[in-house]
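Colleague: here is my input; please provide its structure:
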Amino acid sequence: MILKTVKSVEDALQGVQDNMTFMLGGFGLSGIPENAIAELVKLNVKGVTCISNNAGVDDFGLGLLLQKKQIKKMVSSYVGENDEFERQMLSGELDVELIPQGTLAERCRAAQAGFPAIFTPAGYGTEVAEGKETREFDGKMYVLEHAFKADFAFVKAWKGDTAGNLIFKGTARNFNPCMAGAAKITVAEVEHLVPVGELDPNQIHIPGIFVQRIFQGETYEKRIEQRTVRTKQ
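Modeller: As a prediction, the model looks like this:
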C-alpha cells in the first residue's frame, strides 16, 4: 500500500511556485480547501492562475489571494459575492475567463480522465464560442473545449485515509471530486484522517490513485456565504 500522508500543509505544498496554475475545489464557501489557501497566502506566490468555480468572498477563500494581488488570472463560472474580484476584473487588473459552469466541471473531468478535449453544446452561438472549433453531431452544434492543464489541484474532503481515498460530505461534493487527479499533483486536506481499512469501500467517492498528498486540516471556519433562516411562525 502506497501511503500519501504528509505531516503538515507546509509539506503538502512543497513545490508551489510563482506563475503556476492551481485548481481549487469548492462552491461558494462550501468545501473549499481552507488550509491550502491560507498557506498560499503565507507563501506569497505571485502571478498564479486559479481555476475555481468562483473566488469566495472578499475576506475569505480565494478572496484572500485577490486582496494581496497574488492572482494573475481567474478561470471561473461567476464572480459571486466578491466585490474585489469584480473591481479587479472591471479595472483590467485581473485577467478573467468566465465559462459556463457545466463546461468548467467537464474540462476538469476531461483532465482527470486523460482526455485532451470535449465537445459541448454550451455556449454555441455566443461569445463563449468565439475563435473555437465547432462541429455538428446528429444535427446539433457543439463547441470544442480543451481540458485544463494545472500544476496543483487543492481539494477538501470530510474524511480520507492514509492511501488518499476520499469521502465528501453534503454540498462539499461539488467541484472537489472532478478536480482530484486533474492536475500534475493533487493535494487533499481532510477533516478526519484515518488508517487504511477504516473507510467502507462502498462509501469512497474518490480513490487514492487520484491523490498524491493528503493531510489532516485544522481550524475549519466553514463560513456560510448567504445565511438564510426561516422566521418563527
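
Colleague: what packs against the helix ranked longest in the chain?
Modeller: Counting by DSSP state H, the longest helix found in the chain is helix 101-113. Using 3 or more Cβ pairs under 8 Å, 6 or more residues apart in numbering; DSSP states H and E as the contact definition, the elements that helix 101-113 packs against are strand 117-120, strand 140-146, helix 176-179. Every C-beta, even on glycine, is put in place using the N, C-alpha and C of the backbone.

Colleague: and that helix, what's buried?
Modeller: Gln101, Thr103, Leu104, Ala105, Glu106, Arg107, Cys108, Arg109, Ala110, Ala111, Gln112 (16 or more other Cβ atoms under 10 Å).

Colleague: and the fourth one, how far from Glu97?
Modeller: With the distance defined as Cβ to Cβ, to the nearest Å, Ala105 ends up 15 Å from Glu97.

Colleague: just give me the closest of the buried residues of helix 101-113 to Glu93.
Modeller: Glu93 lies nearest to Leu104 out of the buried residues of helix 101-113, by Cβ to Cβ, at 22.3 Å.

Colleague: in contact with that closest one, which residues are there?
Modeller: For Leu104, the contact set (Cβ atoms under 8 Å, 6 or more residues apart in numbering) comprises Ile51, Asn53, Val75, Ser76, Ser77, Phe175.

Colleague: now do the first one: how many residues are near it, please.
Modeller: In terms of burial, Ile51 registers 26 neighbours under the definition other Cβ atoms under 10 Å.

Colleague: that one and Leu24 touch, don't they?
Modeller: Yes: Ile51 is within contact range of Leu24, at 7.2 Å (criterion: Cβ atoms under 8 Å).

Colleague: anything in contact with each of the two?
Modeller: Met179.

Colleague: contacts only, for Pro116.
Modeller: Taking Cβ under 8 Å, 6+ apart as the test, what Pro116 contacts is Ala110, His146, Ala147.

Colleague: mind redoing it with 6 Å?
Modeller: Ala147 (Cβ atoms under 6 Å, 6 or more residues apart in numbering).

Colleague: look up how far Ile185 lies from it.
Modeller: Applying Cβ to Cβ to Pro116 and Ile185 gives a distance of 20 Å.

Colleague: what does Ile51 give?
Modeller: For Ile51 relative to Ile185 (Cβ to Cβ), the value is 14 Å.

Colleague: cool, and Met89?
Modeller: 28 Å.

Colleague: do the same with Met74
Modeller: In terms of Cβ to Cβ, Met74 sits 21 Å off from Ile185.

Colleague: so the longest helix of the chain versus strand 140-146, what angle?
Modeller: 50 degrees (axes from the mean of the first three to the mean of the last three Cα atoms, to 10 degrees).

Colleague: pLDDT on helix 101-113, on average?
Modeller: The average pLDDT for helix 101-113 rounds to 97.

Colleague: sketch out the strands for this structure, chain order is fine.
Modeller: Remark: strands assigned in the chain by DSSP state E are 21-24, 48-51, 71-76, 95-98, 117-120, 134-137, 140-146, 152-161, 166-167, 185-194, 213-216.

Colleague: turn those into a markdown table, including mean pLDDT.
Modeller: A markdown table is the format used below for these (pLDDT from 0 to 100):
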| stretch | mean pLDDT |
| --- | --- |
| strand 21-24 | 98 |
| strand 48-51 | 97 |
| strand 71-76 | 96 |
| strand 95-98 | 94 |
| strand 117-120 | 98 |
| strand 134-137 | 97 |
| strand 140-146 | 97 |
| strand 152-161 | 97 |
| strand 166-167 | 98 |
| strand 185-194 | 97 |
| strand 213-216 | 97 |
